[in-house]
Structures are given as structure tokens and as C-alpha cells.
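Student: Have a look at this prediction, sequence included:
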Amino acid sequence: TGTKVIMKMKILAPEELLLFQMGMTVFYLRIFGSFGILRFNFTNSSLWKLRFEIFMISCSYLIGFLLLQLGLRMVSVSFAVTMRGFEPVTTCFMSIFILSEAMNKAQWVAVSLVVVGVSLCAGADRSWNGNGLFVLFLCDLSFSSRSLFVKLLRRKCSGLNVEQMNGASIYFVTTMIGAIFLLMYCASKSLGVASLIFK
């Protein structure tokens, strides 16, 4: 809701808003780590060995949030949040087709209930449109991809005998890299505008 308000008031550009959100996430995660509330267990050598998976996790995470912001501009907050609830379904199907994982009967029942629930909630909301629905579906796919790459990262940790990165470490590194990408983009955008002014 706060994101929608900021976008409506045009306080920040979409990429600036996301940079602020990710920057603040990195900041408070670091604070929690300093006070011992969270434990980070990554090293520079382990990050280098897992660079592909970490890069893909960061990109999926960043693209997911950019698509979510785009979706929020196209539909109501309630519909966007409802569609975000569809992510477990896309994650389950992607895990079946990409990771060859199997689902038991209870999991299929849970997936069916999510589909029915999201369909009922979305159908009751008249603010949505086809483009918004498609963007939010891509958003779900992006966040599902992030989950799959986390799974691949954990598998690679086992294969390389590298200590398994805990959830706090993965989240911290993901947001830090995402913030760096956004900072580079915003800086290049600003430099482009400056070069036009002083040309």
C-alpha cells in the first residue's frame, strides 16, 4: 500500500523507490547481524564458487520486484497482493518440470485450494485487466525462479563441500547485489542526462 501511495504521488521513480527499499533492507539486515539477531555465514570464496546461482537469484529477485511495481501501477493493491498469492502454484509446477521434484497428494490438494482461493478473490475484484494479470503472473514466475535457484545453490553447496548458506545470508547477498545493480543503473541514467545537458 505504501509503495502504491509513493508511486501515485510520484515522490520517487520506480527504480529509485526499489533502490531505497533494497538499500534499507541491506541496512537493517546488517544492523540485525551486528546485534547477533541474524547470523551470516558466507565467505568471499564461497560467493565466488556460487557466483552463477547468486547472480541468478539476485536477478530473479530484482526483476520480480520491478514487475510487482509495474503491476501495482496497472491494478489495485488488493488484486496485486491476491495474485502474489499464486506464487506457490507456479513454484510447484516449475519444481516439477525443471528440478524433477515429485508432489504428494496432500501437496496437490494444497495447490488446488490456492488456485480456487486466488481465482475467487481475483474474480471478485473488478479493477484488474489482462495486461496487469500478465505482468503479475510474470512477477510470480520471477519469484518462483528465485526459489528454484536457491534450491540449486543448496545442491551446489553440497556438491562442492561448501557450508550451506543460511537464509539470512542468501537474503542479505541478494538484496546487496540487487541494490548495486540498481545503483549502477540510476548512476548511468543520471550521467546520461548530465551528458545531454553539458553537450
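Tutor: Looks like it arrived, so ask away. Bear in mind the structure is a predicted one, so any value in this text is a computation, not a measurement.
Student: Would you mind listing the buried residues in the strand or helix carrying residue 4?
Tutor: Secondary structure assignment for residue 4, by DSSP states H and E: helix 2-9. Residues of helix 2-9 classed as buried: 3, 6-7 (neighbour count, 16 or more other C-beta atoms under 10 Å). (C-beta placed from N, C-alpha, C; glycine too.)
Student: before we move on, what about stretch 23-32?
Tutor: 23, 25-26, 29.
Student: Then stretch 173-188?
Tutor: Buried residues in stretch 173-188 (16+ other C-beta under 10 Å): 173-179, 181-182.
Student: Mark which of the buried residues of stretch 23-32 are part of helices, please.
Tutor: Among these, the residues falling in helices (DSSP state H) are 23, 25-26, 29.
Student: measure the spatially closest residue to residue 75 that is not a sequence neighbour to residue 119 for me?
Tutor: Computed as C-beta to C-beta, 6 or more residues apart in numbering, the closest residue to residue 75 that is not its neighbour in sequence is residue 132, at 3.9 Å. According to C-beta to C-beta, to the nearest Å, residue 132 stands 16 Å off from residue 119.
Student: and these two? which has more neighbours close in?
Tutor: A direct count of neighbours by other C-beta atoms under 10 Å for residue 132 and residue 119 places residue 132 higher, at 20 against 12.
Student: who touches that one in this structure?
Tutor: 71, 74-75, 79-80 (C-beta atoms under 8 Å, 6 or more residues apart in numbering).
Student: run the last query once more with 7 Å
Tutor: Residue 132 sits next to 71, 74-75 when contact means C-beta atoms under 7 Å, 6 or more residues apart in numbering.
Student: cool, and residue 11?
Tutor: So residue 11 contacts nothing (C-beta under 7 Å, 6+ apart).
Student: next one: phi and psi at it?
Tutor: Backbone geometry at residue 11, expressed as degrees, to the nearest 10, gives phi -70, psi -40.
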